[in-house]
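1. for reference, the sequence and a predicted model appear below.
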Amino acid sequence: MMFKIGIVGAGAIGKEIARAIDDGTVPARLVALWDRKVDEAEEFAASLAQKPKVLPLEDLVKECNIVVEAASQAAVREVAITALSNSKSVMIMSVGALSDKELLEQIKALAREHHCSIYVPSGAIGGLDAVKSASIKHVECVTITTRKPARGLKGAPFVVRNNIDLDKFTVPTEIFSGPAAIAIKEFPANVNVAASLSLVGIGFEKTVVKVVVDPTITRNVHEIHVKGDFGDFHAKIENVPSATNPRTSYLAALSAIATLKQVCEPLKIGT
Ligand SMILES: NC(=O)C1=CN([C@@H]2O[C@H](COP(=O)(O)OP(=O)(O)OC[C@H]3O[C@@H](n4cnc5c(N)ncnc54)[C@H](O)[C@@H]3O)[C@@H](O)[C@H]2O)C=CC1
Ligand SMILES: O=C([O-])CC(=O)C(=O)O
């Protein structure tokens, strides 16, 4: 069966995914895409070989069998519920939205009822396979420290509300430390990775997130530490920011592409 994919949100990640389907990296057809910036979406769709239709969510869902959300946390509820209610699987990039337990339970129930899947790529981090395995037994603590240059944190609600002038820092400075449940609301476009980590590990209340503004780096760095019955796990990734959105690491788009490839192919490797 040739998978038919629809993408909601044609920004840094959505466009990269679209190109990878268009050039055959993902063995599927890109049938439709949607973005609230409709003109830009039309222009982008026209630049692709497969010329996907530009259709609002309700119509897009009918055309495909996998719906990709690459828009925003605010879009996740509508996209996931519309897709799953129409018996279409969904891939979610704005994972932070799943810190809402009710929403998570609702979409899991819908997926079961309609025999669909909800895919959450590893995004901008590595090591979820190990954390998932470790979490079969007792895990004591999970910490993720996210370091970004000022431009990678601009516009976050925490930064805006506290009037933090990110450009004034001359040395690496921790501006936030707290549970993932709060971090995800304060930095919705910066720490979705903490949501994926919470989901596979010890949950949104116990996972600790630290956010550091670092004027000495140009990359988005995530460091993970996990301790449990299995032993200790450390992972550090230094991500090149995507060309069009400095908050988003390039690897996040590559991870979405790799997940779609895995969905479309029979061999599945990794935990
Ligand atoms: N899971 C992970 O590791 C990562 C997740 N993300 C998240 O993935 C999402 C996409 O990231 P980017 O492509 O970098 O963002 P972006 O800002 O470059 O693009 C998002 C696009 O979605 C559109 N959009 C937003 N809300 C919409 C809605 N309700 N309906 C239709 N279109 C809508 C915007 O107009 C924009 O074109 C963001 O929520 C981001 O925070 C980003 C990096 C890593
Ligand atoms: O891309 C990254 O480095 C992480 C990110 O923005 C997120 O998880 O929301």
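-> Alright, I've got the coordinates. Ligands and ions are numbered 1, 2, ... in the order given.

2. tell me the secondary structure for residue 171?
-> With DSSP: H, G, I helix; E, B strand; the rest coil as the basis, residue 171 sits in coil.

3. I'd like to know how far it sits from ligand 1.
-> 26 Å (Cβ to the nearest ligand atom, to the nearest Å). Any C-beta I mention is one placed from the backbone N, CA and C, and that applies to glycine too.

4. for residue 217, same thing?
-> From residue 217 to ligand 1 the distance is 17 Å (Cβ to the nearest ligand atom).

5. now that residue, nearest residue through space, not along the chain?
-> residue 149 (5.7 Å; Cβ to Cβ, 6 or more residues apart in numbering).

6. near ligand 2, which residues of this protein show up?
-> By Cβ under 6 Å from any ligand atom, the residues of the chain that approach ligand 2 are 123-124, 189-193, 220, 239, 247-249, 252.

7. before we move on, back to that, so the residue nearest to residue 217 versus residue 270, what's the distance?
-> 30 Å (Cβ to Cβ, to the nearest Å).

8. and if you look at residue 14?
-> 24 Å.

9. these two: which is more packed in?
-> residue 14 (24 against 10; other Cβ atoms under 10 Å).

10. my read is that that one contacts residue 7, right?
-> Yes. Assessed by Cβ atoms under 8 Å, residue 14 is found in contact with residue 7 at 4.9 Å.

11. quick check: neighbours shared by those two?
-> 33, 68, 70 (Cβ atoms under 8 Å, 6 or more residues apart in numbering).

12. now tabulate these in TSV and tack on neighbour count.
-> As requested, the shared contacts of residue 14 and residue 7 are exported to TSV (neighbours: other Cβ atoms under 10 Å):
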residue	neighbour count
33	29
68	30
70	28
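
13. how about a markdown table for the residues you listed, with pLDDT, distance to residue 55 and secondary structure added?
-> Formatted as a markdown table, the shared contacts of residue 14 and residue 7 follow (pLDDT from 0 to 100; distance: Cβ to Cβ, whole Å; DSSP: H, G, I helix; E, B strand; the rest coil):
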| residue | pLDDT | distance to residue 55 | secondary structure |
| --- | --- | --- | --- |
| 33 | 98 | 8 | strand |
| 68 | 98 | 14 | strand |
| 70 | 98 | 16 | coil |
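
14. so which of these comes closest to ligand 2?
-> Closest approach between these and ligand 2, by Cβ to the nearest ligand atom: residue 70, at 11.4 Å.

15. hang on, residue 59 is in a strand, isn't it?
-> No. Going by three-state DSSP, the assignment for residue 59 is helix, not a strand.

16. once you drop chain neighbours, what's closest to it?
-> residue 32 (7.5 Å).

17. helix, strand or coil: sort out the one you found for me.
-> strand.

18. surely it touches residue 65?
-> No. Using Cβ under 8 Å, residue 32 is not in contact with residue 65; the gap is 11.6 Å.

19. of these two, which one has the most company?
-> A count of neighbours by other Cβ under 10 Å puts residue 32 above the other of residue 32 and residue 65, at 24 against 20.
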